[in-house]
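Novice: What shape does this take:
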Amino acid sequence: MDKLEILLKAAPKITREKNLNNLIEILSNLAKDMIEVDRCSLFIIDEQKKELYTIFAHGVNEIRIPMNSGIAGHVAKTGKTYVTENAYRSKFFNKEVDKILGYKTRNLLAVPIFDSKGKVIGVYQAVNKSSKFKSSDIKLMKLIAEFAAAAIENMMLYEKIKELHKKSLIKLSKAAEYKDPEPPNHFIRIGFISRLVAEKLGLDEEKCEILLLASTMHDIGKIGIPDRILKKSGRLEPDEWEIMKKHPIIGYELLYDEESELFQIAAIIALEHHERWDGKGYPFGKKETEISLWARIVSIVDNFDTLITEKDEGEPWSLDMAVNYMEAMKEKAFDPEIVNIFLGNMDKVIEIWEKYKD
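Specialist: Okay, the predicted model is just below:
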């Protein structure tokens, strides 16, 4: 396959790919084939640890080196392209990396990766070309580095926003704990057990992590319920119950943010976690798969945890009683498939429950 064919074949993949790791792999394979080298590696600067680490490297897992180490460190520091046709004669080359990897670097091309403000955020390397590196190789490597830079910068911005959202959710969760009479670790258990169930359902890692955070906010709407109702011991009067049933809508309105997937999922869980499989729940009487998967998971986990947790107004249920109740409520209150997965992993559920017991 000639170089034009390689480029034409890679172009649609590059434009369609949304996942950063997949995109970097596509770009690295493109560089490897176009420049005709043995391998490529992309280092990112870790400012906190003062290190360079690979987010992709052909033939090896993650490599971490001090920020000022080796040719990558030199390029990161100077922001200038570096080429050596004899790596072991370069004063910047770190022979220890080769020793650790069991590899022999002969020649190497390294180009800096710049963000939109001109700051170096990483280094792209092409290693072991059978002939000498040409000026066209350097131009191509710089072009590929520009593609990588845009993707990496977007990822970094996304991670910062996501971290801000996480911190906001945690603060809201703490606020809810002061208001809600639930045991203090109830929300933590809901998060970790919900994540477990999501993993067993086959959801991807990112969605499982989102559910871990979002599920802890299922009762945030209780902030808007008067204490005289929320903390009342004994049965609520009909008018009080109608007020209590508003907390899912209050929670949804508090949490929903059209620009944040995390807050969107948290809002949906808050809104729907009291809906039932048979349509007899509230606030809207949704049934079966009209209820989001997120809320169907959290509803099961929340109810089970409430049953087996010690409360001021009564003794907790035994594990056997709670398991029997969950079985009996399949296709009534709960999604039967999720109940089966939940009960099928009871050993792990109890392990989490014991770890975060009040």
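Novice: can you list the domain ranges for the protein.
Specialist: 3-154, 162-355 (automatic domain parsing).
Novice: can you tell me the helix or strand for Ser116?
Specialist: According to DSSP states H and E, Ser116 maps onto no helix or strand at all.
Novice: neighbours around it, how many?
Specialist: By other Cβ atoms under 10 Å, 9 other residues sit near Ser116. Any C-beta I mention is one placed from the backbone N, CA and C, and that applies to glycine too.
Novice: Need the nearest residue in space to it, chain neighbours excluded.
Specialist: Nearest non-adjacent residue to Ser116, counting by Cβ to Cβ, 6 or more residues apart in numbering: Glu153, 6.2 Å away.
Novice: before we move on, the earlier item: mean pLDDT added to the domains of the chain, as CSV?
Specialist: Supplementary listing: the domains of the chain in CSV, determined by pLDDT from 0 to 100:
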stretch, mean pLDDT
domain 3-154, 89
domain 162-355, 89
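Novice: Which residue ranges of the stretch 51-200 of the chain form helices?
Specialist: 70-78, 95-101, 135-179, 186-200 (DSSP state H, counting those that start in this stretch).
Novice: Present those as JSON lines; the columns should include distance to Tyr124 and mean neighbour count.
Specialist: Below are the helices of the stretch 51-200 of the chain laid out as JSON lines (distance: least, Cβ to Cβ, whole Å; neighbours: other Cβ atoms under 10 Å):
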{"stretch": "helix 70-78", "distance to Tyr124": "9", "mean neighbour count": "21"}
{"stretch": "helix 95-101", "distance to Tyr124": "16", "mean neighbour count": "13"}
{"stretch": "helix 135-179", "distance to Tyr124": "5", "mean neighbour count": "15"}
{"stretch": "helix 186-200", "distance to Tyr124": "34", "mean neighbour count": "22"}
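Novice: Take the ones you listed and lay them out in a markdown table including distance to Phe284.
Specialist: Output for the helices of the stretch 51-200 of the chain, formatted as a markdown table (distance: least, Cβ to Cβ, whole Å):
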| stretch | distance to Phe284 |
| --- | --- |
| helix 70-78 | 55 |
| helix 95-101 | 58 |
| helix 135-179 | 22 |
| helix 186-200 | 22 |
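Novice: quick one: the residue most central in space within the chain and Ser168, what's the gap?
Specialist: By Cα atoms, centre = their mean, the mean C-alpha position of the chain lies nearest to Glu206, the distance being 3.3 Å. Distance of Glu206 to Ser168, given as Cβ to Cβ, to the nearest Å: 18 Å.
Novice: next one: Ser69
Specialist: Ser69 is 38 Å from Ser168, by Cβ to Cβ.
Novice: re the thing from before, in contact with the residue nearest to Ser116, which residues are there?
Specialist: Listed by Cβ atoms under 8 Å, 6 or more residues apart in numbering, the contact partners of Glu153 are 115-116, 121.
Novice: One more: Val37?
Specialist: Neighbours of Val37 in contact, by Cβ under 8 Å, 6+ apart: 31, 109, 126-129.
Novice: just Ile210 next, same as before
Specialist: So Ile210 contacts 261-262, 265 (Cβ under 8 Å, 6+ apart).
Novice: Mind checking which of those are buried?
Specialist: Taking 16 or more other Cβ atoms under 10 Å as the criterion, what is buried in these is 262, 265.
Novice: and the contacts of Ile210 as CSV, adding distance to Lys330 and secondary structure?
Specialist: Listed next are the contacts of Ile210 as CSV, based on distance: Cβ to Cβ, whole Å; DSSP: H, G, I helix; E, B strand; the rest coil:
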residue, distance to Lys330, secondary structure
Glu261, 30, helix
Leu262, 30, helix
Ile265, 24, helix
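Novice: As TSV, the contacts of Ile210 with distance to Pro248 would be great.
Specialist: Output for the contacts of Ile210, formatted as TSV (distance: Cβ to Cβ, whole Å):
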residue	distance to Pro248
Glu261	20
Leu262	18
Ile265	14
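Novice: Between the contacts of Ile210, which sits nearest Lys13?
Specialist: Of all these, Lys13 sits closest to Glu261, with 24.6 Å by Cβ to Cβ.
Novice: Nearest residue to the closest one in space, please, no chain neighbours.
Specialist: Per Cβ to Cβ, 6+ apart, closest to Glu261 is Ile210, 6.6 Å.
Novice: helix or strand for the one you found, which one?
Specialist: Going by DSSP H and E, Ile210 is part of helix 205-214.
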